[in-house]
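Engineer: Need the 3D shape of this:
(2 chains)
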Amino acid sequence: MKNTIFTTTATVFMLLLLPGTLAAGVESLRGPLPLDAPAKIFPAKKQQKAEGGFERGWKQQPPQIPHEIDKDRISLRENTCLKCHSKENHEKEKAPEVGESHYVDRTGKKLTKISQRRWFCNQCHVPQVDAQPLVGTTFEPLPQK
Amino acid sequence: MTSLQMEKMAGIARLPLLIAGIVVGILLWGSFNWALEMTNTEKFCISCHEMEENVYQEYQETGHFSNRTGVRATCPDCHVPREWIHKVVRKIRATNELYHKLVGTIDTPEKFEANRLELAMHVWKTMKETDSRECRNCHDFDSMDLEKQEPRAADRHEEAMDEGKTCIDCHKGITHHLPEGWEEAARAAGLQD
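Structural biologist: Reported below is the predicted structural model:
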């Protein structure tokens, strides 16, 4: 009997409290704005250029892209990154070559053409903007030899 | 009729005939030119769904459609020569396109895609032959300031000037999607290094 009273009181209390906590705790990403009001516009950042490329954060990090890529297209049929970075073109375009690891399929077999699972460059290689991280980090790479 | 009578008649008819000839001439020439110009607009190009559904959609994603400076190059700016004689030659060649429109060679996106390499090669070949004449209406080596370009671009442009290269040798697929296997095909045809 005592137990039932306690449970009921606790439940009622929590139910009373619930709307308050919900309103305070949940907020949409665009802030407490009415649906028809425009959200705050953040200034667009330009993609960074870095002569000679960005340094890697750690040894096996896919190199980041030190130029704009908004004119590039990757689809089933075409990959405009390869206009400069492919085996055939990288020398005359003075661009870094696609790594050897990209010419190997999942069984380790060597391929003459770039592996299909490496086709979508910007899955790993991404351009950078000068933006400060929203959340701090204490990550430090191992000293590179 | 004697020859004297004939001479007399010709004398009377000569002036009105001349005036009528001039008027008809102006009308014919005017309407010819009007039709030439009317078929030389983007609106006309994309009145065919073959163009509207495929190449026009791709073009809208690129710098020739919208850019920082607000200068736009429309279909005829790149695909129809400006000089009169070349323009007329191109227009006559376009009758082949009318034929393919009638038989429906590229009337679905799938058919268009299947023919994309051939279509692209036609354009690349023409641009190579004309030394990228239509590109150079706006992009002229003489007015190009290499100092203001990215170092890598400046290097390559200098090389191109020295070797007498033409725009399309390198700048393929800047406004339209590239066909599958374009690089090998272009290289085999001598259109790509």
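
Engineer: Please name the residues that touch the spatially most central residue of chain A.
Structural biologist: Centroid-nearest residue in chain A: A:Val126, 7.8 Å away (criterion: Cα atoms, centre = their mean). Counting by Cβ atoms under 8 Å, 6 or more residues apart in numbering or on different chains, A:Val126 touches A:64-65. Glycine gets a C-beta too; all of them are placed from N, C-alpha and C.

Engineer: ok, the nearest residue to B:Cys45 once chain neighbours are set aside - how many residues close by?
Structural biologist: In this structure, B:Cys45 finds its nearest non-sequential neighbour in B:Cys75, 4.3 Å apart by Cβ to Cβ, 6 or more residues apart in numbering or on different chains. B:Cys75 has 20 neighbouring residues, counting by other Cβ atoms under 10 Å in any protein chain shown.

Engineer: Could you check how far B:Cys75 is from B:Ile46?
Structural biologist: According to Cβ to Cβ, to the nearest Å, B:Cys75 stands 8 Å off from B:Ile46.

Engineer: overlap in contacts of these two?
Structural biologist: B:Tyr56.

Engineer: can I see the domain layout of chain B?
Structural biologist: Taking automatic domain parsing as the reference, chain B has its domains at B:12-39, B:53-188.

Engineer: so which of the ones you listed is the most packed in?
Structural biologist: Highest mean neighbour count among the domains of chain B (mean count of other Cβ atoms under 10 Å in any protein chain shown): domain B:53-188, with a mean of 14.

Engineer: what's the first-to-last distance across it?
Structural biologist: 30 Å (Cα to Cα, to the nearest Å).

Engineer: Could you identify the helix or strand that succeeds the longest helix seen in chain B?
Structural biologist: Under DSSP state H, the helix in chain B containing the largest number of residues is helix B:3-38. Next along the chain after helix B:3-38, taking DSSP states H and E as the criterion, comes helix B:42-45.

Engineer: hang on, the earlier thing: model confidence over the longest helix of chain B, on average?
Structural biologist: Here helix B:3-38 scores 84 as its mean pLDDT.

Engineer: and the spatially closest residue to A:Ser86 that is not a sequence neighbour, what is it in contact with?
Structural biologist: Closest residue in space to A:Ser86, ignoring its immediate chain neighbours: A:Val98 at 6.4 Å, by Cβ to Cβ, 6+ apart. By Cβ under 8 Å, 6+ apart, the contact set of A:Val98 is A:82, A:85-87, A:90, A:114, A:118.

Engineer: Could you export those as a markdown table, including neighbour count, distance to A:Leu35 and pLDDT?
Structural biologist: Output for the contacts of A:Val98, formatted as a markdown table (neighbours: other Cβ atoms under 10 Å in any protein chain shown; distance: Cβ to Cβ, whole Å; pLDDT from 0 to 100):
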| residue | neighbour count | distance to A:Leu35 | pLDDT |
| --- | --- | --- | --- |
| A:Leu82 | 20 | 44 | 95 |
| A:His85 | 20 | 45 | 95 |
| A:Ser86 | 17 | 48 | 93 |
| A:Lys87 | 15 | 52 | 91 |
| A:His90 | 15 | 50 | 93 |
| A:Ile114 | 17 | 46 | 92 |
| A:Arg118 | 17 | 43 | 94 |
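
Engineer: Just give me the neighbour total for residue 41.
Structural biologist: No chain specified, so I'll use chain A. Neighbours of A:Ile41 using other Cβ under 10 Å come to 6.

Engineer: looking at chain B here, not the other one
Structural biologist: 14.

Engineer: any idea how far A:Pro62 is from it?
Structural biologist: On the measure of Cβ to Cβ, B:Thr41 and A:Pro62 end up 46 Å apart.

Engineer: coming back round to it: distance of the residue nearest to A:Ser86 from A:Lys113?
Structural biologist: To A:Lys113, A:Val98 is 11 Å away according to Cβ to Cβ.

Engineer: circling back to that earlier point, any chance of the domains of chain B in a markdown table, plus distance to A:Lys46?
Structural biologist: Shown next, in a markdown table, are these (distance: least, Cβ to Cβ, whole Å):
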| stretch | distance to A:Lys46 |
| --- | --- |
| domain B:12-39 | 41 |
| domain B:53-188 | 12 |
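
Engineer: Could you tell me the least trusted of those domains?
Structural biologist: What stands lowest among the domains of chain B, in mean pLDDT terms, is domain B:12-39, with a mean of 91.

Engineer: Name the spans of chain A whose pLDDT lies under the cut-off.
Structural biologist: Scanning chain A for pLDDT under 70 picks out A:1-24, A:144-145.

Engineer: Residue numbers of it in contact with chain B?
Structural biologist: Where chain A comes near chain B, counting by Cβ under 8 Å from any Cβ of the partner chain, the residues are A:51, A:71, A:73, A:75-78, A:80, A:82, A:88, A:92-94.

Engineer: Mark which of those residues are buried, thanks.
Structural biologist: A:73, A:78, A:80, A:82, A:93 (16 or more other Cβ atoms under 10 Å in any protein chain shown).

Engineer: The third one touches B:Gly173, doesn't it?
Structural biologist: Looking back up the chat, that one is A:Thr80. Yes. Using Cβ atoms under 8 Å, A:Thr80 is in contact with B:Gly173, at 6.6 Å.

Engineer: Look up which helix or strand B:Glu118 falls in, please.
Structural biologist: Judged by DSSP H and E, B:Glu118 forms part of helix B:109-129.

Engineer: Much appreciated, bye for now.
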